[in-house]
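> need a structure here:
(2 chains)
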Amino acid sequence: MKQIYSLLLVFIIAISSFGQTPSPQTQMYKRILFQNGSAHVGNGEYVHNSVIGIEEGKILFVKNALTYQLDKSEWDTIISLKGKHIYPGFIAANLTLGLTEIDAVRATRDFDETGSINPNVRSLIAFNTDSKVMYTVRTNGVLVTQSTPRGGLISGTSSIMALDGWNWEDAVYKADDGVHLNWPIKFSKSGWWAQPGPNKANEKYNKTRDAIYAFFEEALSYSQSKDPSEKFLKLEAMRGIFNGKQRLFIHADYAPEINDIIDFSRRFDLEFPVIVGGYDAHLVAARLIENKFAVMLGRPHLLPTFEEDLTYINYQSAAKLQKAGVPYCIQAAGDMEVMNARNLPFLAGTAWAYGLTEEEAVASISLNVAKILGIDDRIGSLESGKDATLFISDGNALDMMTNNVTIAMVKGNFIVLDNHQMQLSRKYHERYGIE
Amino acid sequence: MIKNILFGVFTLLLGLNANAQDIEPENGVINSKETVAFINARIVVSASETIERGTLIIKDGVIINVGVAVIAPKDAIKIDLKGYTLYPSFIDIHASEGVEKSPLKKQGMGPQLSTLKEGPYYWNQSIHPEVDAYTLLKEALFKEKAEYIKQGFGTISTHQRDGILRGTAVLTTIGTDANREQIIKTTAANHYSFSKGSSKQSYPSSQMGAIALIRQFFYDAKWYSTQSANTDNISLKRGIENLKLPQIFEVSDKLEILRAVKLAQEFNIKLIVKGGGDSYERIDEIKALGTKLIIPVNFPAPYDVTDPYLSRFVSLADLKDWEMRPYNAYFLHQKQVPFCFTTSGLKKKADFIKNIRKTVKHGLPKAEALRALTENPAAFLNVGDQVGTLETGKIANLLIVKGDLFEDGEIYENWIRGERTKVKDINITDIRGKYNLNINSIVYGWEVKGTVEKPKATLLSYRTKLDSVTSISKQDTVKLSPNMVMNDLQISMSFAEKGGNMNGVVQLNGTYNSALGAFHGKAKLPNGDWVDWSAIRNEKHNNSKKKKTSFVVDTSAVGNLMYPNMAYGFDSLPSQETYFIKNATIWTNEAGGILKNATLLIQNGKIKAVNKSIIQIPNDATVIDAEGKHVTCGIIDEHSHISISKGVNESGQNNSAEVSIADVVRSNDINVYRQLSGGVTASQLLHGSANPIGGQSAMIKLKWGFSPEEMLIDDAPGFIKFALGENVKQSNWGNFNTVRFPQTRMGVEQVFYDAFIQAKQYETEWKAYNKLSEKKRFGINAPRRDLELDVMVEILNSERFVTCHSYIQSEINMLMHVADSMGFTLNTFTHILEGYKVAEQMKAHGAGASTFADWWAYKFEVNEAIPYNAAILHKMGIVTAINSDDAEMGRRLNHEAAKVVKYGGISEEDAWKMVTLNPAILLHLDEQMGSIKEGKDADIVIWSDNPLSIKARVEQTFVDGMLLYDWNRSVLLHDRDQVERNRIMQLMLAEKKAGASTRKPFKKMNPHYHCDTVGEH
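Okay, here's the model as predicted:
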């Protein structure tokens, strides 16, 4: 009875909020038990027939249902997931989700500040919890994002945001988690759109690299003084990088740049250097491991850079890093990345088809991401003590055909799995009288 | 007076018009017309005739006699050329030097919609057949002249290298006399290209636009020539008049050669095509066209491939091109394609002969090289009777060469119209060697090294040093570097002495006596004294260090051609074979649905049989066991922009119905191969969406390795792209593009009505004209043919179908009203993201839909796009397809089809049809593709799994019964390419080591078009 009610509740809310983005919900149950679902834990483990206990928004345990002694009275509600799959909420790292609504409309673009060195600009405060796009993303199981600014040499500071909340203060998972540095490329494009010219050596590469070094040198010495007499916002914003509280995300793809970045990281003794992109990461895997790098891999659904590369080279990158032992995750930045965030599960699915095991693929967009972002103590897997930020899918969530999210929780609260696209679909199904 | 008469006789005899000198009054007394006899010379009269020792006589700039037994007239100046060879000098018929540039300059940032050229000329600024280079000659602009002469040229045909119809070239010799005495032909050739050059007029913005513009111009010009119009137009007149001249079309690569010749053939114009140097890649197609070629010798420098990471940026295609370009001439020779060389494209003209020798080393016979430098260019411009050989009666354009011109010979003199230019001095004395130099009894060791022309000296000053402690004297030698200038036999030299025999500068002047090998003269010492000096050579310069490298012709690499000549190219083109596939799960898209454990027979490019219990398996069949695998027909992409050259949009006008993607199919796009690996076998290559009425489509099969013509589907129905919304009203084109009509959706409707109403009137005119009998037509002019309106008429008559890029319901509705009122049906709405809102109207109208599975939020007009669109349209009974519009997504349209199962609950079979049968229906190609049925094209894909599953991978793709993609073979090709790269990089590194200058690696970007690709990308 209870479980029917809880599902019904979601449905009623969905209908009542027609025409608007769904409201965040308040949890009415203290203790919730999900039973008989296939649990993809996120850390590589899989429990075919599981029981998952949740108390006050935190995961109590994930156990095998066959050996679990159920006492119904312990639970406010028990939700049966027979034949269904339960996953930790997927995390979309390195995205402008929440910072832009319609790519082509300038007024909605809030991710690229003017100027080239902007570590002090913060994505957190521009994060729009009323973004219509956001609600079409979470319905596919993506429940958390690293809202990331773009542009310039140092784009700014990102924050980890839940895809649920009344406002950014509600939604924030981890404020100001890291600074994003766009490493210059050694080759720059030329030509025009109809006949792109060659990629030419970037004459300014050394100059730009020197500018980065100079800024970091300055920021490093500034950070050594706890209370400097003169305060500078840009330098203040770099403090966390040197005291280990923030991570440095360095966007780069190719080995020549990555090798320079490793040297750079050694110079500044970076604690958590992360390569974002990493087309060539597998070629320099040993050096990356030795220097404590992690890699947030570029979108697997990208065309190869080189004509000689196998068509599916990007599909295989995750498996290569997995094999090499480089800490990595998959992210989805690229063309139309905001609306495409909902396809993150299928990016992992593609990596599964091209070399990862299924549970490795799940980890590549859950626990692996949480570790790299430094929030694996709270989310990323279905493990005891973590937030109940999770979802249930009718079928395999990494496959387009079977990804069908029916229940989801963020920070222990059920979320309404509705969006304006579903509403429009219902509206016209009704209009035409079709099923 | 007598002289003049005599000269007149000569002129008659020679049939040459060389009397310009007599027309112009002389300031002073007239100069003598000297006769020069070259005796004892080896004379290369032409590519096919050489006189080993003979005499050649020129008079007044013309060759008057040549032969073995020719006796020089007594008054002739005789030049003894023993040990030298005379060659005819070279001709460059694709020069652009010495001609003024167009003065027209665009002002402001907005688009320039009309021409800046004032006067009675064509409406498009890139069409100017009226530009005659002979009116624009400026000696001061001819900065390369000296280098041309050094390289052995005597004649060039130069033109204003700008625009599409460029105007005429002037054929001129390049002597020092005033231009008017050099010109052989004022209008020697008519020039074209696909590039609009300095014109900034919006139209054309693409290569297909340039092609359409040339077509329309000729229809206009022909029509105009039959009119007694009351306006005069010089461009239209000259466009026709110039057709009497040789027609030279400049292109940049092999595919453009095919395009240019095909276009010219439509108007029965025979072309000489100036290619890009890579004709070898499509040599068979080029041979078949029967065209003549002008080829550059601008061979790329080797890349610096020292670094393994950086060298990846150089594609295999570029590596191979580097290796193959020097063979280009050899290929043409082998296939007997007539060709000539040009310096055009060379960064430094000084590299010309060096590179010609390279082509000879790469297999081109010397005689053919000479022919391509002399007789062929002369013949191409119909001036073979005036230049090109050293036969009697021709202009005295000749080279004096020591050694073999095509090995390591050196040009000493270049005579142009009998006027002598010394490149090197035949009489130069070699003073190099070791001397004892004696100045006022002080002896120096003097060594002269360097080249004959530029000798360099070192001087050894011997000093005796006395050690003050031991009182022992020591011999010491100090090396000095004197300044030395040799002018004929006179020498000037100075050097500074310090703490030696003298203190200060010593200056010498002297005379060389070559018989003695000695100098003598006067020197001025630091103290101002004049003294005698002399130097006697005791050792000649030793030349033996320069080992003569043997001249080796090597054609070993010509066989390394692949189809296409790049990564994953085939060593030889695959052919149609017989395949028997068994134990497969076959998705038929027919009434039988999905067949388990089924069989399939492919033969002669067609599906021969499907799942019949007893099939006679042909003996030659390759049997494929597809146990556990799924077999489908190939994916058809209704909306693709891969495989297109130079522009997907002709955005210069709001109606560009006249342009066609079929004119610019690019067969060597790696995305063709990549999409085969995603199971795509056919695509509609659509024009972009930059204007309401776009261009015509190309329907292709993804036949990797084949030519553009072979990729085009025979007899495919005609399609045209229309577009609505933000792209056509230029909403996202920046602040300056606010001029072209339309700028609102309101204006878009008017563009359509206007085009169709015009088309109806146009059709009426033509119908009326066509009804007239032959007799009645006499004296009545045919209406002007308008290519744009021709296409609009085809649409009205349902002879061409419309695929319309569309988003918002209001505009979709609008266009259906336009079509209804004009009496035709819109075939397909593509994108159609708000189709779900107007499904009933679409159904009533009869339109199909081709949409994205889940794209939205990238523009304002897609704010109400929903992933349930395809499902709703399908449920409403509309033929619905899922398309890519994107080279990346084109590789995994199976993923996109699977999303329709997720969003809207469509069955797997119906979802699969959305990327196969339904697009076939929309493209009117379902008779031959879209399902697995006997008699249909054998476009077959074998999948590792259910094709809609995320786990599915393509194992094999067949197009027309040819296995064009194979998972395992692809890996082998990948490995082969790595080995091939390594082989060529080794050659490059060897050249680098040998001192060749190298280029930094760079990667050529592959265009990645979407339908709204305009502006920076």
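
> okay, CA-based contacts and neighbour counts for the rest of this
Fine.

> Tell me the spacing between the residue lying closest to B:R999 once chain neighbours are set aside and chain A.
Distance criterion CA to CA, 6 or more residues apart in numbering or on different chains; nearest residue to B:R999, sequence neighbours excluded, is B:Y303 at 4.5 Å. For B:Y303, the distance to chain A equals 12 Å [CA to the nearest CA, to the nearest Å].

> Please apply the same query to B:E413.
On the measure of CA to the nearest CA, B:E413 and chain A end up 41 Å apart.

> hang on, that residue packs against B:V423?
Yes: the pair B:E413 / B:V423 is scored as a contact, 5.2 Å apart, by CA atoms under 8 Å.

> Just want to know which of these two has more residues nearby.
Counted by other CA atoms under 10 Å in any protein chain shown, B:E413 and B:V423 do not tie: B:E413 has more neighbours, with 22 against 19.

> Can you report phi and psi for the residue nearest to B:R999?
B:Y303 adopts backbone torsions of phi -80, psi 150, taken as degrees, to the nearest 10.

> Tell me if B:K358 really is in a helix.
Yes: per DSSP: H, G, I helix; E, B strand; the rest coil, B:K358 lies within a helix segment.

> For burial, what's the neighbour tally of the residue nearest to A:G355 when sequence neighbours are not counted?
Leaving aside its chain neighbours, A:G355 sits nearest to A:A319 (5.1 Å; criterion: CA to CA, 6+ apart). Other residues lying near A:A319 total 21 when counted by other CA under 10 Å.

> which SS class is the residue nearest to B:K358 when sequence neighbours are not counted?
Nearest non-adjacent residue to B:K358, counting by CA to CA, 6+ apart: B:P326, 6.4 Å away. Of the three states, B:P326 takes helix under three-state DSSP.

> now swap in the one 3 residues further on and tell me
B:A329 falls in the helix class when you classify it by three-state DSSP.

> how about the most centrally placed residue in chain B, what does it touch?
For chain B, the residue nearest the mean C-alpha position is B:S252 (1.2 Å; CA atoms, centre = their mean). With contact set as CA atoms under 8 Å, 6 or more residues apart in numbering or on different chains, B:S252 has these partners: B:275-276.

> quick check, it in a strand?
No: judged by three-state DSSP, B:S252 forms no part of a strand; its state is coil.

> A:A370 versus that one, what's the distance?
Noted for B:S252: a distance of 52 Å to A:A370, by CA to CA, to the nearest Å.

> Give me the next element, helix or strand, following the biggest helix by length in chain A.
Longest helix in chain A by number of residues, with DSSP state H as the criterion: helix A:205-223. The first helix or strand that comes after helix A:205-223 along the chain, using DSSP states H and E, is helix A:233-236.

> Now do the buried residues in that next one.
Within helix A:233-236, the residues that count as buried by 16 or more other CA atoms under 10 Å in any protein chain shown are A:234-235.

> starting at the chain centroid, how far to it?
26 Å (CA atoms, centre = their mean, to the nearest Å).

> contacting residues around the helix or strand just after it?
The element immediately downstream of helix A:233-236 (helix or strand, assigned by DSSP H and E) is helix A:239-243. For helix A:239-243, the surrounding residues in contact (CA under 8 Å, 6+ apart) are A:178-179, A:219-220, A:223, A:246-248, A:268, A:270-271.

> Quick check: which of those residues are also close to chain B?
Among the contacts of helix A:239-243, proximity to chain B is found for none (CA under 8 Å from any CA of the partner chain).

> Close to chain A: what parts of the stretch 901-1017 of chain B are there?
Residues of the stretch 901-1017 of chain B lying near chain A (CA under 8 Å from any CA): B:901-902, B:948-953, B:970-971, B:974, B:977, B:1000-1007, B:1013-1017.

> Now do whatever residue of the stretch 301-435 of chain A ends up closest to chain B: how many residues are near it, please.
Of all residues in the stretch 301-435 of chain A, the one sitting closest to chain B is A:A353 (4.6 Å; CA to the nearest CA). The tally of other residues near A:A353 (other CA under 10 Å) stands at 20.

> sec struct for the nearest residue to it once chain neighbours are set aside, please.
Leaving aside its sequence neighbours, A:A353 sits nearest to B:K951 (CA to CA, 6+ apart; 4.6 Å). Classification of B:K951 using three-state DSSP returns coil.

> how close does B:K951 sit to B:L676?
From B:K951 to B:L676 the distance is 17 Å (CA to CA).

> The two: who's more crowded?
B:L676 (28 against 19).

> List the contacts of B:K366.
Contacts of B:K366 (CA under 8 Å, 6+ apart): B:360, B:406.

> buried set for stretch B:299-308?
For stretch B:299-308, by 16+ other CA under 10 Å, it's B:299-300, B:302-305.

> Straight-line length of it, end to end?
Where stretch B:299-308 begins and where it ends lie 24 Å apart, using CA to CA.

> which residues are in contact with that stretch?
Counting by CA under 8 Å, 6+ apart, residues outside stretch B:299-308 touching it are B:311, B:314, B:322, B:325-326, B:355, B:985, B:988-989, B:991-992, B:996-1001.

> Quick check on those residues: which are buried?
Judged by 16+ other CA under 10 Å, buried ones among the contacts of stretch B:299-308: B:311, B:314, B:322, B:325-326, B:355, B:985, B:988-989, B:991-992, B:998, B:1000-1001.

> circling back: and the residue nearest to A:A353, what is it in contact with?
A:349-350, A:352-353, B:944-945.

> Kindly recompute the last result at 10 Å.
By CA atoms under 10 Å, 6 or more residues apart in numbering or on different chains, the contact set of B:K951 is A:349-354, A:398-399, B:895, B:943-945.

> What are the structural domain limits within chain B?
Using automatic domain parsing, the domain ranges for chain B come out as B:90-107+B:124-385, B:433-540, B:579-628.

> between these, which gets the lowest average pLDDT?
The stretch with the lowest average pLDDT out of the domains of chain B is domain B:433-540, scoring a mean of 86.

> start to end distance for it?
4 Å.

> thinking again about what came up before, quick one: pLDDT of the residue of the stretch 301-435 of chain A closest to chain B?
On the pLDDT scale, A:A353 gets 97.

> Pretty sure A:E360 is one of the things it touches, is it not?
No: using CA atoms under 10 Å as the test, A:A353 is too far from A:E360 to be in contact (11.3 Å).

> between the two, what contacts are shared?
By CA under 10 Å, 6+ apart, the residues touching both A:A353 and A:E360 are A:A319.

> Need the winner for burial among the domains of chain B.
domain B:90-107+B:124-385 (a mean of 21; mean count of other CA atoms under 10 Å in any protein chain shown).

> Just the helices from chain A, written as ranges.
Counting by DSSP H, the helices of chain A are A:2-16, A:132-137, A:168-171, A:205-223, A:233-236, A:239-243, A:255-268, A:285-290, A:313-324, A:337-340, A:344-353, A:358-363, A:367-373, A:420-432.

> looking at the ones you listed, which one has the lowest mean pLDDT?
Across those, helix A:2-16 gives the lowest mean pLDDT, at a mean of 47.

> Now do the contacts for the residue nearest to A:G355.
So A:A319 contacts A:282, A:325, A:351-357, A:360-361 (CA under 10 Å, 6+ apart).

> ok, and does stretch B:666-675 reach over to chain A?
Yes: residues of stretch B:666-675 are located near chain A by CA under 10 Å from any CA of the partner chain, namely B:669-671, B:673-675.
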